[in-house]
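A.B. asks: sequence and predicted structure are below.
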Amino acid sequence: MSARFRLVLVAVFAVGPMAMLGACSASKSLSQPATWLTPYRPDVVQGNFISSEQVALLSAGLSRLQVRNLLGTPLVSSLFHADRWDYVFSMQRRAGESRIYRYAVFFKGDELVRFEGDRMPSESEFIAQLDARRELGKVPPLEATAEQLQAAEAKAAPRSPESAAPAAAPAGASTSTTYPPLEGSRP
């Protein structure tokens, strides 16, 4: 190896790691650019949503079928606790905050005895939570002035038959047009 090549190798191996470490520390001082690009994280809704309106319709004495028709199929029904149905609903937001709602109904035989759980949101509250999008700005009013309407009507007005007819061909000009064949001629 030549002396010049050895010098280049030493410089690359000695300075290269130092430059990388310097670059790493510099990126932290620039508000961590790796956090500028984050993956899309959707809102995740899991379980059986039960609204406060549905809970208000519960009453002791309802049959299992009536409760199932009212609240839906329970998320958890255990063989060891056959007289208890658990409804669990969770919502994981993009920002990382999550909320879990739990509700349980208890039966004696086929009859609803009691029910308890978290305060459930109403349907309108739940929809408002789902539709919590950021504001993109004010939408301008979609109204046209009288002058703009007249200008649009003038552009869209049908032309008179004389103006719609094509201009007359000059004298002696052929009115038929010939086009080349689409495919090559065949022998």
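C.D. replies: Structure's in. What do you need?
A.B. asks: Ala154 and Gln148: what is the separation?
C.D. replies: 11 Å (CB to CB, to the nearest Å). All C-beta spots, glycine's among them, are computed from the backbone N, C-alpha and C.
A.B. asks: revised request: answer the last question for Tyr87.
C.D. replies: With distances taken as CB to CB, Tyr87 is found 56 Å from Gln148.
A.B. asks: give me the more crowded residue out of those two.
C.D. replies: Comparing Tyr87 with Gln148 by neighbour count (other CB atoms under 10 Å), the higher total belongs to Tyr87, at 24 against 10.
A.B. asks: next, give phi and psi for Ser98.
C.D. replies: The phi and psi torsions at Ser98 (degrees, to the nearest 10) take the values phi -130, psi 150.
A.B. asks: pLDDT score for it?
C.D. replies: According to the predicted model, the pLDDT of Ser98 comes to 83.
A.B. asks: list the contacts of it.
C.D. replies: Taking CB atoms under 8 Å, 6 or more residues apart in numbering as the definition of contact, the neighbours of Ser98 are 90-92.
A.B. asks: now swap in Ala152 and tell me
C.D. replies: Contact partners of Ala152, counting by CB under 8 Å, 6+ apart, are Ala144.
A.B. asks: am I right that it sits in a helix?
C.D. replies: Yes - note on Ala152: a helix contains this position according to DSSP: H, G, I helix; E, B strand; the rest coil.
A.B. asks: quick one: the strands in the chain?
C.D. replies: Listed from the start of the chain, the chain has strands (DSSP state E) covering 44-47, 76-77, 84-92, 98-108, 111-117.
A.B. asks: so what's the residue count around Tyr101?
C.D. replies: By other CB under 10 Å, the residues close to Tyr101 number 19.
A.B. asks: about what we covered before: by neighbours, which of the contacts of Ser98 wins?
C.D. replies: Of all these, the highest neighbour tally under other CB under 10 Å goes to Met91, namely 19 neighbours.
A.B. asks: name the nearest residue to Ser77, sequence neighbours excluded.
C.D. replies: Taking CB to CB, 6 or more residues apart in numbering as the measure, Ser77 lies nearest to Trp85, with 5.3 Å between them; neighbours along the chain are not counted.
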